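[1] From the sequence below, what's the structure:
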Amino acid sequence: MAVVYHQPNAGDFRHSLFGCCDSCSDCLCAYFCPNCYSYCASQDAGEGTLMSCIHCFLFPFTLCCLRHSVRGKRGIEGGCCADLCVSYLCPCCAIIQIRREFND
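    Model prediction:
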């Protein structure tokens with residue numbers, strides 16, 4: 001079986017928002033324990049321990065801030081409105097996308 005890697009355009013996340021189901025373990029962890037998963041994603045994104053704890057305890061309210069930070073670090077295009085919509089409509093998919101951005 002051949003493995004196909006997605007090569008995004010410049011300024012895009014490496015994994016699509018709805019690619020969250022590609023990894024069953026990520027999907028289960030983010031769904032059943034989103035606060036812990038948010039902490040891990042924040043740590044992977046290079047946030048400090050204090051910010052990671054804030055993201056953990058205030059998930060999903062701070063998720064749009066984490067997405068904004070990740071977009072800035074990776075040069076990903078987008079805006080605050082898109083971050084806000086994604087964070088509140090699909091928080092589990094959004095946090096998986098953030099974590100996979102740094103783990104692959």
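[2] and the gap between the nearest residue to Arg67 once chain neighbours are set aside and Arg14?
    Setting aside the residues directly before and after it, Arg67 is nearest to Asp83 in space (C-beta to C-beta, 6 or more residues apart in numbering), at 4.3 Å. Placement of C-beta: from N, CA and C, glycine included. If you measure Asp83 against Arg14 using C-beta to C-beta, to the nearest Å, the figure is 17 Å.
[3] Mind checking which of the two has more residues around it?
    More neighbours sit around Asp83 than around the other of Asp83 and Arg14, counting by other C-beta atoms under 10 Å; the figures are 20 against 16.
[4] Export the helix or strand containing that one to CSV, keeping only CA atoms.
    Element membership for Asp83 (DSSP states H and E) is helix 80-89. Extracted as CSV, the C-alpha positions of helix 80-89 are listed here (Å, rounded to 0.1, in the frame of the first residue of the first chain):
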residue,chain,number,x,y,z
CYS,A,80,-9.8,36.0,13.1
CYS,A,81,-13.3,35.4,11.8
ALA,A,82,-12.4,32.1,10.2
ASP,A,83,-10.5,31.1,13.4
LEU,A,84,-13.5,31.9,15.5
CYS,A,85,-16.0,30.0,13.3
VAL,A,86,-13.8,26.9,13.1
SER,A,87,-13.1,27.0,16.8
TYR,A,88,-16.7,27.1,17.8
LEU,A,89,-18.3,24.9,15.1
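[5] After it, which helix or strand is next?
    Toward the C-terminus, helix 80-89 is succeeded by helix 91-103 as the next helix or strand (DSSP H and E).
[6] Please compute how far that following helix lies from its chain's middle.
    Averaging C-alpha coordinates over helix 91-103 and over its chain gives two centres that are 3 Å apart (C-alpha atoms, centre = their mean, to the nearest Å).
[7] which other residues reach it?
    13-20, 23, 26-27, 30-31, 34, 37-38, 40-41, 44-46, 59-60, 63, 66-67, 70, 74, 86-87 (C-beta atoms under 8 Å, 6 or more residues apart in numbering).
[8] and the gap between the residue nearest the centre of the chain and Arg67?
    With distances taken as C-alpha atoms, centre = their mean, the chain has Ile98 as the residue nearest its mean C-alpha position (2.0 Å). Here the distance between Ile98 and Arg67 works out to 6 Å (C-beta to C-beta).
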